[in-house]
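Engineer: sequence and predicted structure, then a few things I'm wondering about:
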Amino acid sequence: MSSPTWLCSLHRRWLPTAPVSPSQPEPQPCCAAGRGRLGVMCGRYASTARRTVLLEQFQVDGDNAEDLKSPDYNVAPTKTAPVVIARAPSGGPKDADAVRQLRLFKWGRLVPFWAEDAKIGNRMVNARSERVDEKPAYRAAFKSRRCRIPVDAFYEWFETDQISEKTKKPLKQPFAFRPTDGSSLALAGLYEVWKDKTLPEDDPGALLWWSYTILTTTATNEIGRIHDRMPMAIGPDDWAQWLDPLPAS
DNA sequence: CCAGACGTTGTT
DNA sequence: GTCTGG
DNA sequence: CCAGACGTTGTT
DNA sequence: GTCTGG
């Protein structure tokens, strides 16, 4: 199938900037160094906004993120990070009206609700947006379990000509990307709720497992100069619509 | 029908 | 659960 | 994404 | 090389 109709409204202009974290090395011009090879899109990002800022910025009604540890300049797969969802308040009836909530979910290891083994989620860090509505692992979540991921910048690694003494492999230079206009950034994501049914109810591991994945899309702008894929950003005008079900097509 | 997968990027 | 491959 | 682990039999 | 854990 072709790209979803909401794709075009989500494009925005990007430029490489200095890494967000002071501990990151200085960036180099994108195409001047190395061979232009880059790693997987959107494998790390920075989430630095404080909880109170996120609550206001995303007009959140339900706050389930009291344990948020912020800032985190190095959010990696399996780590817990804040996401915004629209869902019936936890603890209440499932058919209650959806409320916008800030929640702390695990990135990656997205385990579909039907899975018997959590291992299936091992590589579900990203989901291609082009076919996310038909892929068995993502289809259900795409229909009813979407999330926005507040992000300040995302990182990419650039393989340079320098060889590491230690590993004898090319050194990789991290870059940070964020909107040039300083606007806040939300990535499009899906989440899943999974429970290990092989464990007895009283086992600590039988708790619900909440995880999310980040959608990727074609990079048609400045990022496309160095990599053909990028995480899908949602503009503020589309934040509400992304969490709501799509109109029937 | 059953059995098995269910994912992405990048590499050559 | 649902799709694909045999 | 990166960093780090990865395994068995049988016994120099 | 490939998988796991963070």
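Structural biologist: Yes, it's here. Numbers count the residues shown, from 1 in each chain, chains lettered A, B, ... in the order given.
Engineer: can we go C-alpha only for contacts and neighbour counts from here?
Structural biologist: Noted.
Engineer: low-confidence ranges, chain A, go.
Structural biologist: A:1-41, A:220-227, A:245-249 (pLDDT under 70).
Engineer: which stretches of it form helices?
Structural biologist: Assignment of helices within chain A using DSSP state H yields the ranges A:51-57, A:139-144, A:239-243.
Engineer: just send those back as a markdown table, with mean neighbour count and distance to A:Asp133 too.
Structural biologist: Conversion of the helices of chain A to a markdown table gives the following (neighbours: other CA atoms under 10 Å; distance: least, CA to CA, whole Å):
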| stretch | mean neighbour count | distance to A:Asp133 |
| --- | --- | --- |
| helix A:51-57 | 14 | 28 |
| helix A:139-144 | 18 | 5 |
| helix A:239-243 | 18 | 14 |
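Engineer: tell me which of these sits nearest to A:Asp181.
Structural biologist: Evaluated over the helices of chain A, closeness to A:Asp181 peaks at helix A:51-57, with 16.6 Å, by CA to CA.
Engineer: near DNA strand D at all, stretch A:167-182?
Structural biologist: Yes: judged by CA under 7 Å from any atom of the strand, stretch A:167-182 comes into contact with DNA strand D through A:Lys172.
Engineer: that stretch: which residues count as buried?
Structural biologist: By neighbour count with 16 or more other CA atoms under 10 Å, stretch A:167-182 contains the buried residues A:171-179.
Engineer: if we can go back for a sec, just put the helices of chain A in a markdown table and tack on distance to A:Asn126.
Structural biologist: Rendered in a markdown table, the data for these read as follows (distance: least, CA to CA, whole Å):
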| stretch | distance to A:Asn126 |
| --- | --- |
| helix A:51-57 | 23 |
| helix A:139-144 | 13 |
| helix A:239-243 | 17 |
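Engineer: among the ones you listed, which comes closest to DNA strand B?
Structural biologist: Counting by CA to the nearest atom of the strand, DNA strand B lies closest to helix A:139-144 out of these; the figure is 7.5 Å.
Engineer: starting at the chain centroid, how far to the closest one?
Structural biologist: 16 Å (CA atoms, centre = their mean, to the nearest Å).
Engineer: and it, what does it pack onto?
Structural biologist: Contacts of helix A:139-144 with other secondary structure elements, assessed using 3 or more CA pairs under 8 Å, 6 or more residues apart in numbering; DSSP states H and E, are made with strand A:185-194.
Engineer: show me the contact partners of the strand it packs on.
Structural biologist: For strand A:185-194, contacts defined as CA atoms under 8 Å, 6 or more residues apart in numbering pick out A:110-115, A:138, A:141-142, A:145-153, A:178-179, A:208-215, A:231-236, A:242.
Engineer: again, but for stretch A:108-118
Structural biologist: Residues from elsewhere that reach stretch A:108-118, judged by CA under 8 Å, 6+ apart: A:77-78, A:119-126, A:137-138, A:191-198, A:210-213.
Engineer: buried ones among the residues you listed?
Structural biologist: Among those, the ones that count as buried (16+ other CA under 10 Å) are A:77-78, A:121, A:124-126, A:137-138, A:191-196, A:210-213.
Engineer: re earlier: closest one to A:Asp203 among the helices of chain A?
Structural biologist: Distances from A:Asp203 to each of the helices of chain A were compared by CA to CA, and the smallest falls on helix A:139-144, at 26.4 Å.
Engineer: can you give me the strands in chain A?
Structural biologist: Listed from the start of the chain, chain A has strands (DSSP state E) covering A:14-17, A:44-47, A:62-63, A:72-75, A:80-87, A:99-107, A:126-128, A:146-151, A:153-163, A:170-179, A:185-194, A:209-218, A:229-231, A:233-234.
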